[in-house]
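*Asks:* no sequence on this one, just coordinates:
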């Protein structure tokens, strides 16, 4: 049946009804919220954020990490970087590298967030944040700017949006291809849309769609490895795919890892990459058994390295992860990198994000 998504029925737009229907039929699998944890090398988180503001619901979803070699000001606070994290029921948090809240933007139903350098706005290099936005009436990718040279009450601020035909924007990641900044959106029903993002003469965001493809079924996590021109996507009940980052490669792909017990358990969710010297790694969330498989990706093909789980320590362990993000090298108090992970069942309060020292993961897996 074809519908006019711009039509209105009894005061409710058809697109809003479709969005609600998709959200209603989102499927949870074993482990999500149940605390089931499969086998894996044990590590502990070293700190955590406060609970997100939406209580009693599946709310915290996906983080992104930015590190600076020099102190910057965020919300009047001095820091060496920040973590952005979504509350998919209400908006976007900006956290310090110590976990404290620096800022909250009440932006609506933001699901996945990522950030990228490489664009200049009004003559100044900016950090661009993008988040898949499921808010009825503004579905697409919402964009934000942060000025790393800003002072005073310097904050992440709304910039604009990338419009899309995807009914329920779900996964999102940025990528760099040479001088180009690419924005990659994954729809709840498996739609893949890739855009080149630029700045127009008025300093506003401009976007041009360069690829559309169908992944096949419900999909979310995505992460790019620019050095090998690869784009990784988790099809939640099928497995981990490797696409070409070059949009000219279209729908061509290779299955890196099918859904399998003790490796990648449905539903496969978040993805992130981390650079550690001359080595690069891909980390996934095996949400069905609350573990995190790791692949080395700087060779001709991804090589599985093992997987880890986050157990109780200075803060409680992690289960049912939706999204995660990583940064290698010096990240504030983390001298060689950090992995920030959403926790579905937090021991105090509602869902939150936890920080794991990359050195502990590397040591546990013998990397």
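*Replies:* Alright, I've got the coordinates. In this text, all values refer to a predicted model and were calculated from it rather than measured experimentally. Residues are numbered from 1 along each chain as shown.
*Asks:* switch to C-alpha atoms for all contacts and neighbour counts from now on
*Replies:* Fine.
*Asks:* what's the longest strand in the protein?
*Replies:* Secondary structure of the chain per DSSP state E: the longest strand is strand 60-74.
*Asks:* in it, what counts as buried?
*Replies:* For strand 60-74, the neighbour count (16 or more other C-alpha atoms under 10 Å) marks 60, 61, 62, 63, 64, 65, 66, 67, 72, 73, 74 as buried.
*Asks:* repeat that for stretch 250-270.
*Replies:* Going by neighbour count (16+ other C-alpha under 10 Å), the buried part of stretch 250-270 is 250, 253, 256-259, 262-270.
*Asks:* farthest-separated two in these?
*Replies:* Using C-alpha to C-alpha, the pair of the buried residues of stretch 250-270 lying farthest apart is 250 and 262, separated by 31.4 Å.
*Asks:* show the low-confidence segments of the stretch 151-300 of the chain, by residue range.
*Replies:* Counting by pLDDT under 70, the stretch 151-300 of the chain contains no low-confidence segment.
*Asks:* which residues of the stretch 251-367 of the chain fall in helices?
*Replies:* Here the stretch 251-367 of the chain has its helices, by DSSP state H, counting those that start in this stretch, at 358-365.
*Asks:* where do the strands sit along it?
*Replies:* Along the stretch 251-367 of the chain, counting by DSSP state E, counting those that start in this stretch, strands occupy 253-258, 268-276, 279-286, 292-296, 303-311, 324-328, 337-343, 352-357.
*Asks:* what angle separates the second one from strand 60-74?
*Replies:* Inter-element angle recorded for strand 268-276 and strand 60-74: 30 degrees (by axes from the mean of the first three to the mean of the last three C-alpha atoms, to 10 degrees).
*Asks:* who touches strand 268-276?
*Replies:* 62, 219-225, 232-237, 239-240, 259, 280-288, 321-329, 336-337 (C-alpha atoms under 8 Å, 6 or more residues apart in numbering).
*Asks:* listing partners with orientation, what would you give for it?
*Replies:* Paired strands of strand 268-276, with direction, are strand 279-286 (antiparallel) (DSSP bridges).
*Asks:* so how far is the strand it pairs with from its chain's centroid?
*Replies:* Strand 279-286 sits 13 Å away from the centroid of its parent chain (C-alpha atoms, centre = their mean, to the nearest Å).
*Asks:* name the residues of it that are buried.
*Replies:* 280, 281, 282, 283, 284, 285, 286.
*Asks:* same deal with stretch 199-209?
*Replies:* For stretch 199-209, burial by neighbour count (16+ other C-alpha under 10 Å) applies to 205, 207, 209.
*Asks:* any idea what residue 324 is bridged to?
*Replies:* Beta bridges link residue 324 to residue 341 when assigned by DSSP bridges.
*Asks:* hmm, residue 285 and it touching each other?
*Replies:* Yes. Shown here, residue 324 and residue 285 form a contact pair, counting by C-alpha atoms under 8 Å, at 7.4 Å.
*Asks:* which residues of the stretch 1-150 of the chain fall in strands?
*Replies:* Counting by DSSP E, counting those that start in this stretch, the stretch 1-150 of the chain has strands at residues 8-9, 12-13, 41-44, 47-48, 60-74, 77-87, 91-95, 101-105, 110-121, 124-133, 140-146.
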